[in-house]
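S.K.: Sharing a sequence plus its predicted fold:
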Amino acid sequence: MRALLDRFNGPLHGLAGLLAAWLLLSSPWVALYRSLPSDAGFISLAHVALGLVALPVALLYLAACTLGGRWRLYFPWLAGDMAAVARDVAGLVRGRRPTSEGGGLLAMLEGLLLIALLAAAISGAAWLAVQGGSAALAMRDVHIVCARTCAGLALAHLAGVALHLVDLLRG
């Protein structure tokens with residue numbers, strides 16, 4: 001199973017990124033509140049459908065990122081080892097860019113982003129499941145918090161990727 005997930009790690013990362021981008025960028029035009037309207041438009045239907053696709057993609061990518069002890073790179077606080085993150089933060093204070101290798105700040109941001117994407121997908125699916133009921137508005141609120149967290153972490157992740165590309169180009 002690990003070899004299979006290793007092979008699909010890159011495509012899963014790309015697919016998760018594309019899904020997250022569509023879902024975040026389309027969200028201002030989604031017409032949902034307590035339930036999915038019977039006359040829902042393309043953007044609302046695509047948002048719901050792709051949000052449901054994001055759930056297994058995020059789960060598979062989480063598995064790919066955590067098998068074989070890799071969870072320590074993406075979730076260092078779970079291992080109680082924040083030394084690489086602390087080094088990266090101290091380096092930022094001194095004007096040095098964090099590295100993308102060996103865990104650290106950028107890997108931790110990616111792990112947090114993955115958790116936020118998964119939380120947004122789960123809360124969106126739960127909102128869909130309870131639509132029309134009294135819990136729908138509460139699930140909507142949870143989903144919005146998760147999606148906004150995902151958006152903020154996605155921006156931080158993109159900034160980290162841009163810094164990494166600067167390093168590669170300077171090579």
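M.R.: Okay, I see it. Residues are numbered from 1 along each chain as shown.

S.K.: residue ranges with poor pLDDT in this structure?
M.R.: 171 (pLDDT under 70).

S.K.: Would you enumerate the residues in contact with Gly41?
M.R.: By CB atoms under 8 Å, 6 or more residues apart in numbering, the contact list for Gly41 reads Ala31. The C-beta positions use only the backbone N, C-alpha and C, and glycine is treated the same way.

S.K.: Please enumerate the helices of this protein.
M.R.: With helices called from DSSP state H, the chain shows them at 2-26, 42-66, 71-74, 76-79, 83-93, 105-129, 136-170.

S.K.: Just put the ones you listed in a markdown table and tack on distance to Leu32 and mean neighbour count.
M.R.: Formatted as a markdown table, the helices of the chain follow (distance: least, CB to CB, whole Å; neighbours: other CB atoms under 10 Å):
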| stretch | distance to Leu32 | mean neighbour count |
| --- | --- | --- |
| helix 2-26 | 11 | 15 |
| helix 42-66 | 6 | 18 |
| helix 71-74 | 31 | 18 |
| helix 76-79 | 34 | 14 |
| helix 83-93 | 37 | 15 |
| helix 105-129 | 8 | 22 |
| helix 136-170 | 8 | 15 |
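
S.K.: Adding distance to Leu36, write the ones you listed out as TSV.
M.R.: Putting the helices of the chain into TSV (distance: least, CB to CB, whole Å) gives the following:
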stretch	distance to Leu36
helix 2-26	14
helix 42-66	6
helix 71-74	33
helix 76-79	36
helix 83-93	40
helix 105-129	7
helix 136-170	10
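
S.K.: do you know which of those lies nearest Arg34?
M.R.: Arg34 lies closest to helix 136-170 among the helices of the chain, at 4.8 Å (CB to CB).

S.K.: can you tell which of the helices of the chain is closest to Ser35?
M.R.: Of all the helices of the chain, helix 136-170 comes closest under CB to CB, at 6.4 Å.
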